[in-house]
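Enquirer: I would like the atomic coordinates for the input below:
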Amino acid sequence: MYTFLPLGLRVLSKLEKIIDEEMQNVDGQKISMPCILSSDGWKKTGRWETTGAEMFKVKDRKGSEFCLAPTHEEEITSLVASEISSWKQLPLRLYQIGRKYRDEARPRSGLLRAREFVMKDMYSFDASEEAALVTYEQVRGAYDRILSRIGISFAAAEADTGNIGGTRSHEYHFLSSAGEDTVLSCRSCGYTANEERARGIMSAAASCQSVRVTLGTPGDRAPPKYAAVKIPSGRSVNLTKLKQHPLLKPFELALLEKAFDGTADFELADASIANATETDAGLVGDFLTILEGDICPTQGCGTPLGSHRAIEIGHTFFLGTRYSAVLNATIKDPHQKVIPIQMGCYGIGVTRTVAAVVEASHDDEGIKWPVALAPFRACVVLAPVGVKAGPKEKEATEKVGAVVCDVMHRWTRGDSVVDDREGLSVGFKVKDARLVGYPLLVVVGKKAVEGLVEVHRRGSGRMELVAVDKLEAFLQVD
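Expert: Numbers count the residues shown, from 1 in each chain. Sure, this is the predicted structure:
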């Protein structure tokens with residue numbers, strides 16, 4: 001659990017402002033939903049059981065079951081079902097920025113994986129699949145703009161839909177060596193996907209191996225079944241892809257051993273295995289984890305894929321009728337036919353994004369905030385006037401300090417801070433400013449008596465001496 005202090009809260013507020021602007025640019029309307037949710041909707045969709053131990057479940061004094069909201073698909077769908085009845089009331093795009101809760105088995109890396117976090121989630125409602133897919137792409141465009149405004153290199157990758165469900169999904173990542181995810185991408189055509197979803201082409205395997213996978217059924221005490229998956233030697237099975245095979249969807253999968261000489265209930269083969277197509281076509285598929293150096297799957301591309309560590313900070317899903325059909329969120333179309341609403345959901349981990357920016361943009365001295373998120377755009381450090389300084393020297397320094405503070409206040413439109421703490425050296429204050437990560441630092445130091453100030457840029461590490469009467473013009477050019 002974490003408390004945001006004043007500087008951190010300013011960063012969070014700036015990020016939320018960017019998100020608000022871009023969500024409203026695609027006609028998003030902001031709402032606020034409860035953090036304590038009834039189990040009713042979750043039981044109807046089946047997620048009360050399938051979400052697992054990550055859900056905080058609680059009971060009130062009467063024994064009624066609730067959860068601390070990990071997400072709000074059931075809640076928002078039930079709300080819309082109670083208010084919307086005609087295609088004329090659509091499209092509808094509702095979003096919130098609020099707290100979510102997950103009982104992480106191993107909370108770690110600060111805000112990157114915490115039990116309580118702030119998230120932006122938007123939910124879209126359309127009358128047809130075609131309209132819903134247009135909405136999906138419009139919101140994806142808003143995500144691109146949000147991340148471009150933040151100013152950190154990012155990747156949008158094809159992704160698995162996971163427990164949220166749906167038929168289409170994209171993840172948004174900051175590229176960072178500290179990331180837990182792996183993204184594969186093509187430098188030629190731009191194809192990008194996360195490791196769970198990535199497709200690729202590899203040379204025909206010279207040899208192969210069979211990998212055994214256990215197939216368990218939730219709540220069933222019967223002995224597990226087994227699947228044997230034939231893959232190229234030296235490669236690994238992708239359980240996420242394997243789970244999509246129609247034969248295996250009812251089961252929970254777990255990899256047991258890399259090779260075996262036993263029997264199996266199902267025998268499957270990866271399409272890269274020579275002669276795999278000679279077996280039952282329904283048992284052949286893409287079951288491999290793609291690696292760096294495999295060839296891009298885009299037709300006619302032929303470029304080897306690159307691999308990058310990344311931190312996921314956002315996810316979009318095209319849900320279709322996954323929730324609306326179950327929770328009776330229906331409308332009458334122009335022909336008076338009752339149909340389920342087409343839905344999408346779109347999340348950004350707000351506190352996670354703040355932490356990911358720090359991971360992606362720092363050095364040994366501290367954080368290097370992008371201008372859009374920095375707690376203050378600039379910091380002015382006022383050096384204490386030495387005890388040996390004469391009246392004229394003191395007056396000149398104080399005058400320069402006042403001019404600099406006024407210039408920086410105007411130039412940043414009030415987004416600057418003055419470090420006038422007493423009893424601390426200039427060196428300490430400068431190190432402190434670099435640690436915090438202000439993009440611009442102006443030091444009123446010993447050169448102030450000559451009418452000069454130091455201008456430090458956190459991003460590049462450059463320092464320049466600038467005449468105080470030319471400071472504003474210097475900043476405008478910069």
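Enquirer: Confirm Val80 sits in a helix?
Expert: Yes: secondary structure of Val80 (DSSP: H, G, I helix; E, B strand; the rest coil): part of a helix.
Enquirer: and the residue lying closest to it once chain neighbours are set aside, how many residues sit next to it?
Expert: Spatial nearest neighbour of Val80, excluding adjacent residues (CB to CB, 6 or more residues apart in numbering): Ala329 at 5.2 Å. Yep, even glycine has a C-beta here, placed from its N, CA and C like the rest. Using other CB atoms under 10 Å, the number of residues around Ala329 comes to 24.
Enquirer: What are the phi and psi values at Ala329?
Expert: Dihedral angles of Ala329 (phi, psi; degrees, to the nearest 10) stand at phi -90, psi 90.
Enquirer: Can you give me the distance of it to Asp20?
Expert: Plainly put, Ala329 is 26 Å away from Asp20 if you go by CB to CB, to the nearest Å.
Enquirer: Tyr346 now?
Expert: Taking CB to CB, one finds Tyr346 at 14 Å from Asp20.
Enquirer: before we move on, what about Thr214?
Expert: 47 Å.
Enquirer: now do Gln336
Expert: From Gln336 across to Asp20, the span is 38 Å (CB to CB).
Enquirer: who has more neighbours, the two?
Expert: Asp20 (15 against 8).
Enquirer: buried ones in the helix or strand containing that one?
Expert: Under the criterion DSSP states H and E, the helix or strand holding Asp20 is helix 6-25. Buried residues in helix 6-25, counting neighbours by 16 or more other CB atoms under 10 Å, are found at 7, 10-12, 14-15, 18-19, 22-23.
Enquirer: Please apply the same query to stretch 177-191.
Expert: Neighbour counts over stretch 177-191 (16+ other CB under 10 Å) mark 178-179, 181-186, 191 as buried.
Enquirer: ok so, going back, now render the buried residues of helix 6-25 as TSV, adding pLDDT.
Expert: Shown next, in TSV, are the buried residues of helix 6-25 (pLDDT from 0 to 100):
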residue	pLDDT
Leu7	97
Arg10	97
Val11	97
Leu12	97
Lys14	97
Leu15	98
Ile18	98
Ile19	98
Glu22	98
Met23	97
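Enquirer: quick one: contacts for Leu247?
Expert: 227, 266, 268, 282-283 (CB atoms under 8 Å, 6 or more residues apart in numbering).
Enquirer: So for Ala310, what's the pLDDT?
Expert: Note on Ala310: pLDDT of 91.
Enquirer: Give me the pLDDT for the closest residue to it other than its chain neighbours.
Expert: Leaving aside its sequence neighbours, Ala310 sits nearest to His173 (CB to CB, 6+ apart; 3.5 Å). The model reports His173 with a pLDDT of 93.
Enquirer: Is Gln89 in contact with Ile331, as I believe?
Expert: Yes: assessed by CB atoms under 8 Å, Gln89 is found in contact with Ile331 at 7.3 Å.
Enquirer: More neighbours: which of the two?
Expert: Ile331 (23 against 14).
Enquirer: Phi, psi for the nearest residue to the more buried one once chain neighbours are set aside please.
Expert: Once flanking residues are discounted, Ile331 sits nearest to Trp87: 5.1 Å by CB to CB, 6+ apart. Trp87 adopts backbone torsions of phi -60, psi -20, taken as degrees, to the nearest 10.
Enquirer: hang on, Trp87 packs against Ala127?
Expert: Yes: between Trp87 and Ala127 there is a contact under CB under 8 Å: 4.0 Å.
Enquirer: what is in contact with those two at once?
Expert: Common neighbours of Trp87 and Ala127, using CB under 8 Å, 6+ apart, are 331, 333.
Enquirer: which ones are touching the residue nearest to Val80?
Expert: Ala329 touches 77-78, 80-81, 84, 125, 323, 340-341, 343, counting by CB under 8 Å, 6+ apart.
Enquirer: Select only the buried ones of those in ChimeraX?
Expert: Listed next is the ChimeraX selection for buried residues among the contacts of Ala329, using 16+ other CB under 10 Å:
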select :77,78,80,81,84,125,323,340,341,343
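Enquirer: Just the helices from the protein, written as ranges.
Expert: Taking DSSP state H, the helices of the chain run over residues 6-25, 39-45, 47-50, 73-83, 129-150, 239-243, 350-360, 391-411, 426-436, 471-477.
Enquirer: What is the neighbour count of Arg149?
Expert: For Arg149, the count of nearby residues is 16 (other CB under 10 Å).
Enquirer: Check the gap between it and Ala467 for me.
Expert: Arg149 is 33 Å from Ala467, by CB to CB.
Enquirer: Same question for Tyr346.
Expert: Taking CB to CB, one finds Tyr346 at 49 Å from Ala467.
Enquirer: quick one: which of those two has more around it?
Expert: Set Tyr346 next to Ala467 and count neighbours by other CB under 10 Å: Tyr346 wins out with 27 against 13.
Enquirer: wait, isn't that one in contact with Ile146?
Expert: No: here Tyr346 does not reach Ile146: they are 10.7 Å apart, not a contact under CB under 8 Å.
Enquirer: Which residue is the nearest non-sequential neighbour of Leu90?
Expert: Leaving aside its sequence neighbours, Leu90 sits nearest to Ala127 (CB to CB, 6+ apart; 4.8 Å).
Enquirer: Show the pLDDT at the one you found.
Expert: Here, the pLDDT recorded for Ala127 equals 96.
Enquirer: OK, contacts around Asp333?
Expert: If you count contacts by CB under 8 Å, 6+ apart, Asp333 has them with 87, 127, 339.
Enquirer: which phi and psi does it have?
Expert: phi -80, psi -180.
Enquirer: before we move on, what about Thr3?
Expert: With angles defined as degrees, to the nearest 10, Thr3 sits at phi -110, psi 130.
Enquirer: who touches it in this structure?
Expert: Thr3 neighbours (CB under 8 Å, 6+ apart): none.
Enquirer: Now do it against Ser109, distance only.
Expert: In terms of CB to CB, Thr3 sits 17 Å off from Ser109.
Enquirer: what does Ser176 give?
Expert: Ser176 sits 11 Å away from Ser109, going by CB to CB.
Enquirer: Between the two, point out the one with more neighbours.
Expert: Under the criterion of other CB under 10 Å, the comparison of Ser176 against Ser109 puts Ser176 first, with 21 against 15.
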